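Colleague: build me a model:
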Amino acid sequence: MRSFVTPKFTITARTLELVASVSEKIGAVNALFLNKIPEKTKSEYLINSVYSTLVLDDVIINKSFISKILSSNSADNSNNDDLEFISLQNTVAAYKNIGHWHPYSLSSLLSAHESLMEGISKTAGKIRTESVGLKLYRNKIQTAPDPGKLEYLLENLFSYVKTSRDLLLIRCCVFYYELMFIRPFDTGNGRMARLWFKVLLNEYNSVLGSISLESLMLAQKQAMHDVLSRCIRSGKSTLFIEFVLGIIDSALGNLLKEPAPVITVEDRIRAFQNNFVPEIFSRKDYMQFFKNISTATASRDLQFATENGIINKTGDKNQAVYRFRVK
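Modeller: The predicted model follows:
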């Protein structure tokens, strides 16, 4: 395992409270949606994510253009000289490929930046070679890390996020902050940091790769900038971690307010089979996995799976145990 220097932050009681809340909401989302977030909702989230991440970088675009690009099978090159339109096309493509990028690979990050900034920056996909400043609270400027240190800082950051024993959810937040601080590119650093934050979160749970965190960031743009500035001045990302965990928690809360799709017996059985690790299980195990179903529903589900040759049953009534048949 490659050694690394752990970025500076403190896991506070508030951090743990938010991690617990996020974990609880993810469990509720999985039980309610079984990874079947309605396509209309997913599409709306994608549109809001693309729109918000561009507006956060002061790229003014029309939401209707995003819908047109998403519904088109081929790129519209009629506006190929318009940087805003190129930014939009690139960002749509990058967000549609959230699961394509390798979350723990520096080369994949550079490739993603190249795709994101192609046609916009001559240094797309390349680590910057010149010094840049960080605009902090009240317009104070602090110099970002020296270009000569960037490759080491990035390799250390990837080693941390890949191998640290810290909770992955916290590592995702730390990575987001550190990439914002390091500012490894001449342009597109904020956009790239938000994209890779979603890439990492998607690795943690695919639902987090779909929901629109960016729209909440846009709504709290000034507060987020102030927190980022305070963390850069202090040299610790603690407050930023708490802030973005709160964003995730709120976004999941919004998702739980959406109408749930129709979930069939087959959907529940398949979800249980894909996520329950022990070989042998009981009705009680099934109900603990699906906390919102009744005993009668659990019994009907297991009876259906037994009668259709999906599982084998041993014993009777509340003493019965089950195992999935080997395909």
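
Colleague: going forward, measure contacts between C-alpha atoms and count neighbours the same way
Modeller: Noted.

Colleague: run a quick neighbour tally on residue 136.
Modeller: Other residues within reach of residue 136, judged by other CA atoms under 10 Å, total 18.

Colleague: same question but for residue 294, I mixed them up
Modeller: Counted with other CA under 10 Å, residue 294 comes out at 11.

Colleague: over to residue 264?
Modeller: Using other CA under 10 Å, residue 264 is surrounded by 10 other residues.

Colleague: check contacts around it.
Modeller: With contacts defined as CA atoms under 8 Å, 6 or more residues apart in numbering, residue 264 is in contact with no residue.

Colleague: what does the pLDDT read for it?
Modeller: Confidence per residue is given as pLDDT, and for residue 264 that number is 89.

Colleague: swap in residue 323?
Modeller: At residue 323, the predicted lDDT confidence score is 95.

Colleague: flag the shaky bits of the chain, pLDDT-wise.
Modeller: Confidence mapping of the chain against pLDDT under 70 gives the ranges 1-2, 35, 73-81, 137-139, 327.

Colleague: would you map the helices across it?
Modeller: Using DSSP state H, the helices assigned to the chain run over residues 13-33, 39-56, 63-71, 83-96, 106-117, 150-163, 168-182, 189-204, 213-219, 221-234, 238-255, 265-275, 283-289, 295-307.

Colleague: residue 135: which of these is closest?
Modeller: With CA to CA as the measure, helix 221-234 is the member of the helices of the chain nearest residue 135 (8.0 Å).

Colleague: which residues are contacting the closest one?
Modeller: Outside of helix 221-234, the residues that reach it under the criterion CA under 8 Å, 6+ apart are 56, 135, 136, 137, 177, 181, 217, 237, 238, 239, 240, 243.

Colleague: same deal with stretch 97-104?
Modeller: Residues outside stretch 97-104 that contact it (CA under 8 Å, 6+ apart) are 108-109, 112, 158-159, 161-162, 195-196, 198-200, 202-203, 209.

Colleague: what is the most widely separated pair among those residues?
Modeller: Between all members of these, the longest pairwise span (CA to CA) is found for 159 and 209 and amounts to 21.7 Å.

Colleague: now residue 142: closest residue in space that isn't a chain neighbour?
Modeller: residue 134 (5.0 Å; CA to CA, 6 or more residues apart in numbering).

Colleague: can you check residue 161 too?
Modeller: Leaving aside its sequence neighbours, residue 161 is closest to residue 171 (5.5 Å, by CA to CA, 6+ apart).

Colleague: before we move on, the earlier item: can you pick out the most distant pair from the contacts of helix 221-234?
Modeller: Based on CA to CA, the longest span within these runs between 56 and 238 and measures 22.4 Å.

Colleague: out of the two, name the residue with the larger neighbour count.
Modeller: Remark: of residue 56 and residue 238, residue 238 carries more neighbours, 22 against 17, as counted by other CA under 10 Å.

Colleague: who's in contact with the more buried one?
Modeller: Contacts of residue 238 were listed using CA under 8 Å, 6+ apart, and they are 9, 10, 11, 12, 231.

Colleague: I appreciate the help and will end here.
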